[in-house]
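K.L.:
Task: produce atomic coordinates for the following.
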Amino acid sequence: SIKAKDDFLMQITDDISSNDFNSTSIEGKQAILRNFLTYWIICEGTFFFSGFAMLLALGRQNKLQGVSDQIKYTLRDESSHIAFGTYLINTLIDQNPSIWTKEIQEEFIEHIKKAVDLEIAYAKDVLPTGILGLNADMFVDYMHYIGNRRLEAIGLDYRFPSDKNPF
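P.N.:
Residues are numbered from 1 along each chain as shown. Next up, the predicted model:
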């Protein structure tokens, strides 16, 4: 499941490091937007969250307390990255509304759906039979909740079926 997440990220990012990349063209700005969406909304904002929830849940049960404390710091750091990235994405869209096409919006909704499914698959790999009050099914609702928060942050209307946080 970790390799599947990595493969997915490699498929949906654009190479903007080539010498012929033009950041002033609409296509160039759309490539930047796609990479920002991938990095801050999917990678930073979706892919770490089931692991965080697992370790924080164990910490609440007084298990792995030191690791849980480190995850709290990491989560705070990731949350600031997501807030910054979301601000940057929304600013880029506000300043260049022509790049936020219906096609890119629909493409990104499909990407976030896939990302949520991949993170649920990861939770199922990590918790195939459950442990200490956690089971993989809890992560379906949780990842739908996370996906909905990320979509709201960039103004997209799509909603996953569940919008509750079991944690």
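K.L.:
where does this protein dip in pLDDT?
P.N.:
Counting by pLDDT under 70, the chain shows low-confidence ranges at 19.
K.L.:
which parts of the biggest helix by length in it are buried?
P.N.:
Ranked by residue count under DSSP state H, the longest helix found in the chain is helix 65-95. Buried residues in helix 65-95, defined by neighbour count with 16 or more other CB atoms under 10 Å: 68, 71, 75, 78, 82, 85-86, 89, 92-93. For the C-beta atoms, the positions are set from N, CA and C on the backbone; glycine is no exception.
K.L.:
ok and whatever helix or strand comes next after it relative to helix 65-95, angle-wise?
P.N.:
Where DSSP states H and E defines the elements, the next helix or strand beyond helix 65-95 is helix 102-126. Angle of helix 102-126 versus helix 65-95, following axes from the mean of the first three to the mean of the last three CA atoms, to 10 degrees, is 170 degrees.
K.L.:
Which elements pack onto the next helix or strand after helix 102-126?
P.N.:
Downstream of helix 102-126, the first helix or strand assigned by DSSP H and E is helix 138-153. Here helix 138-153 touches helix 49-60, helix 65-95, helix 102-126, going by 3 or more CB pairs under 8 Å, 6 or more residues apart in numbering; DSSP states H and E.
K.L.:
With just CA atoms, put helix 138-153 into CSV.
P.N.:
Written as CSV, here are the backbone C-alpha positions of helix 138-153 (Å, rounded to 0.1, in the frame of the first residue of the first chain):
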residue,chain,number,x,y,z
MET,A,138,-12.9,3.0,11.5
PHE,A,139,-10.5,4.5,9.0
VAL,A,140,-13.1,4.5,6.2
ASP,A,141,-15.2,7.1,8.1
TYR,A,142,-12.0,8.9,9.2
MET,A,143,-10.5,9.2,5.8
HIS,A,144,-13.8,10.4,4.3
TYR,A,145,-13.9,13.0,7.0
ILE,A,146,-10.3,14.1,6.2
GLY,A,147,-11.1,14.1,2.5
ASN,A,148,-14.1,16.3,3.0
ARG,A,149,-12.0,18.8,5.1
ARG,A,150,-9.4,19.1,2.3
LEU,A,151,-12.0,19.6,-0.4
GLU,A,152,-13.8,22.3,1.6
ALA,A,153,-10.5,24.1,2.1
